[in-house]
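Participant: sequence unknown, structure follows:
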């Protein structure tokens, strides 16, 4: 069963709106076992909408379309479907009554534009909309079962669950299962190289998604029944984990900072930070997930040298002698944060995020970072990329230093 | 000139990723005067990619394609284009050298997977990538000029500006001009309501883009010549600015935090922060743009009450009596940060970001924030939304309080 998604709207063509409906529908259709192979988006144009219906009806078993069901003159989806099917539009009395009632309830007067929303191609099954005025409809287009839903996401999503999902249950589809491995420490190409052969050996497909600087690996299996799909995905994921070693930090919906936070909570230890070039990013990453107050005490973001002295008690002589971006200052910042915040561990980051501020000695991208616990460990790296990228890489490098210490293993 | 956008990637088909590249390209192509009438997205499949090339090459004058240029086995765009054009793939020596150099510089070893990225269809013009390993290329596909770019947004966007925009300049297109107004403080529907009538009065189109919690308004004009288009867009933008009042904080490529930073630099004053529920986000927003060290001294992110006492000198009695989320503590935090960091101004934010931690008295979303200067001002709000949204709204509310103070105007 091959599925497609069609979204209609001139506003989508000008890039004014990111097409979240298409992504949402693709995810939902995939999750219930359909293979989505095409997403098409066209503007509010009779000819192009009909060409899209022809193409999707010829090549897919199923498609879901959103948009163009509103009251305005550029909402022409129902009319285009009727023309394509060579049937007249017919007004649906129950829909008309519901639309008018809804508008009156909102304190407005129904107009001819609103009435138009009750017109459907003859033979279509009307799909009521509990959240808005625009009903949807279902028809056959070519060989495809086609569902037409309004473009407003909350309305569309509710109608998909209420009307489309039950209708799909009767269609043949392949049970599928997936496992998502979360990795950090390898570039996407490195992850791919280590997983060579897994797809053919286990008859699964691997998908990669970079969430800079993390890389997700999605292990996706289709089989004749759900249980076999689950087993196949699990076996392949286990082999992938073995190949990737410590680069895999979690499975499923958890980011690297959150996984580290969980580890800290498990160990019952607290963390404080001293940040310079990351400018609060490290703290923001660690506190994004709920529950971070169980391990996170605070971050002393000290951009100015005076702040490093006043808040972190970094000795002025150290700053003068080695400069703010130095191993010595990174160590002193980490130890200062640990002391001031009374934390079990403290991480410090100081560097040159760029684009300016570099020198021959200390180029843009140079970052010193340190972990203070019972002892203090320092590292340095030169990161490439934009200011935003250098900051993210630096924040992750510091997190990795702590993870490595807690797990007693070298970073990937 | 009819233009289209093609995005390639199985991950886009499963809805794992929202297709922001397609929206970005549609917006950019529209902005330089092309009429985008189709966006198509297909999975990493030889047959469907070639079918897409055939369809777009037959019906459009121009298309831009992203994705499938990476080093992994599912990156097959160049191969598909070569097969479609019935030409061999040829390795480009300068590209190969650049790719290998880039990888070695990053401290890794080039592999066969990386080398593959230097293969292009014979006759293609190679488009170098300054930000990543994957070069792009330009060829003719059917009647269309076609540009193939990598899927990583930062790389794709830079390459579009460097390689595609100049190549398009020679093609016939309708002169167009646009002005982007950056707003904060009104919901998208509120912005839309205030701008009713502008489109017909000035013969322009308005586009909206939500960058939560900011809303951009794109004022877009097409005329017979470039100068007329510029004038029309400017006049309409001026009318829109008047309608929107102080909600407009800038024009063009500058966010709300950065605009505030520029204002602080202009005034020659410094800023310090005390953050609790925003967890470093406020500092991160202010330091994202280069040059922030000219006004930003630091942020004391104090998640734990002990940290509020130790770092910000918040009296324990205040915390006990009013609780950490209170006007009194917000004021004390702001005054503490101003004192400790020796800043001209300090902002403090304390609240309940959720999803847990709320009570009848202090519900999730309650945020107290304060500005300390020569005097201290405090505000409170109850924000709705997810944890991430409450944090962003709280950070922006604090920034707005300072902006209002500096400009002597009430927030929109």
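Facilitator: Good, I have the coordinates. The model shown is predicted, which means the values in this text are computed figures rather than measured ones.
Participant: for the helix or strand encompassing residue A:101, packing partners?
Facilitator: For residue A:101, the host element (DSSP states H and E) is helix A:93-105. The criterion is 3 or more Cβ pairs under 8 Å, 6 or more residues apart in numbering or on different chains; DSSP states H and E, and the helices and strands that helix A:93-105 contacts are helix A:112-116. (Glycine included, C-beta is placed from N, CA and C.)
Participant: what does the helix it packs on rub up against?
Facilitator: A:71, A:72, A:73, A:75, A:91, A:96, A:99, A:100, A:103, A:133 (Cβ atoms under 8 Å, 6 or more residues apart in numbering or on different chains).
Participant: again, only using 6 Å
Facilitator: In this structure, residues lying in contact with helix A:112-116 by Cβ atoms under 6 Å, 6 or more residues apart in numbering or on different chains are A:71, A:99, A:103.
Participant: which one of those sits closest to chain B?
Facilitator: Checking these against chain B by Cβ to the nearest Cβ gives residue A:71 as the nearest, at 15.9 Å.
Participant: hmm, residue A:137 is touching residue A:120, no?
Facilitator: Yes - when contacts are counted by Cβ atoms under 6 Å, residue A:137 is listed as touching residue A:120 (4.9 Å).
Participant: mind checking which of the two has more residues around it?
Facilitator: Neighbours per residue (other Cβ atoms under 10 Å in any protein chain shown) separate residue A:137 from residue A:120, with residue A:120 holding more: 26 against 23.
Participant: bridged to that one, which residues?
Facilitator: residue A:90 (DSSP bridges).
Participant: I'd say it and residue A:138 touch.
Facilitator: No - Residue A:120 lies out of contact with residue A:138 (Cβ under 6 Å); the separation is 9.9 Å.
Participant: now residue A:211, nearest residue through space, not along the chain?
Facilitator: Spatial nearest neighbour of residue A:211, chain neighbours left out: residue A:255 (7.6 Å); criterion: Cβ to Cβ, 6 or more residues apart in numbering or on different chains.
Participant: what about the one you found, neighbour count?
Facilitator: As a burial measure, residue A:255 scores 18 neighbours (other Cβ under 10 Å).
Participant: and which of the contacts of helix A:112-116 is nearest residue B:127?
Facilitator: Closest approach between the contacts of helix A:112-116 and residue B:127, by Cβ to Cβ: residue A:71, at 44.6 Å.
Participant: how near is the closest one to residue A:112?
Facilitator: 9 Å (Cβ to Cβ, to the nearest Å).
Participant: so which bits of the lengthiest helix in chain A are buried?
Facilitator: In terms of residue count, the longest helix belonging to chain A (DSSP state H) is helix A:387-407. Using 16 or more other Cβ atoms under 10 Å in any protein chain shown as the test for burial, helix A:387-407 gives A:387, A:389-404, A:406.
Participant: so what secondary structure elements neighbour it?
Facilitator: helix A:256-267, helix A:281-287, strand A:345-351, strand A:366-372 (3 or more Cβ pairs under 6 Å, 6 or more residues apart in numbering or on different chains; DSSP states H and E).
Participant: now render these as CSV, adding mean pLDDT, distance to residue B:366 and mean neighbour count.
Facilitator: CSV is the format used below for these (pLDDT from 0 to 100; distance: least, Cβ to Cβ, whole Å; neighbours: other Cβ atoms under 10 Å in any protein chain shown):
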stretch, mean pLDDT, distance to residue B:366, mean neighbour count
helix A:256-267, 98, 24, 18
helix A:281-287, 98, 17, 28
strand A:345-351, 98, 30, 29
strand A:366-372, 98, 35, 27
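Participant: closest to chain B out of these?
Facilitator: helix A:281-287 (2.9 Å).
Participant: and for the closest one, what are the contacting residues?
Facilitator: A:257, A:273, A:275, A:292, A:296, A:299, A:391, A:395, B:279-281, B:284, B:301.
Participant: again, only using 7 Å
Facilitator: A:257, A:261, A:273, A:275, A:292, A:296, A:299, A:347, A:349, A:391-392, A:395, A:398, B:279-281, B:284, B:301, B:303 (Cβ atoms under 7 Å, 6 or more residues apart in numbering or on different chains).
Participant: ok, stretch A:398-412 next?
Facilitator: In contact with stretch A:398-412 (Cβ under 7 Å, 6+ apart) are residues A:185-186, A:245-247, A:256-257, A:260, A:263, A:267, A:282, A:345, A:347, A:349, A:369, A:371, A:373, A:377, A:379.
Participant: that stretch: how far from the chain's middle?
Facilitator: 26 Å (Cα atoms, centre = their mean, to the nearest Å).
Participant: what does stretch A:384-398 give?
Facilitator: On the basis of Cα atoms, centre = their mean, stretch A:384-398 sits 20 Å off its chain's mean C-alpha point.
Participant: next one: stretch A:144-156
Facilitator: Mean C-alpha position of stretch A:144-156 versus that of the full chain (Cα atoms, centre = their mean) differs by 22 Å.
Participant: buried ones in that stretch, by neighbour count?
Facilitator: So, applying 16+ other Cβ under 10 Å, buried residues of stretch A:144-156: A:144, A:145, A:146, A:147, A:148, A:149, A:150, A:151, A:152, A:155, A:156.
Participant: neighbouring contacts of that stretch?
Facilitator: A:9, A:20-21, A:56-57, A:60-67, A:69, A:77, A:81, A:129, A:131-132, A:134, A:136-140, A:159-160, A:164.
Participant: residue A:244 in helix, strand or coil?
Facilitator: Assigned with DSSP: H, G, I helix; E, B strand; the rest coil, residue A:244 falls in the helix class.
Participant: before we move on, what about residue A:220?
Facilitator: strand.
Participant: just residue A:355 next, same as before
Facilitator: coil.
Participant: so it makes contact with residue B:290?
Facilitator: Yes - with contact defined as Cβ atoms under 7 Å, residue A:355 reaches residue B:290; the gap is 5.8 Å.
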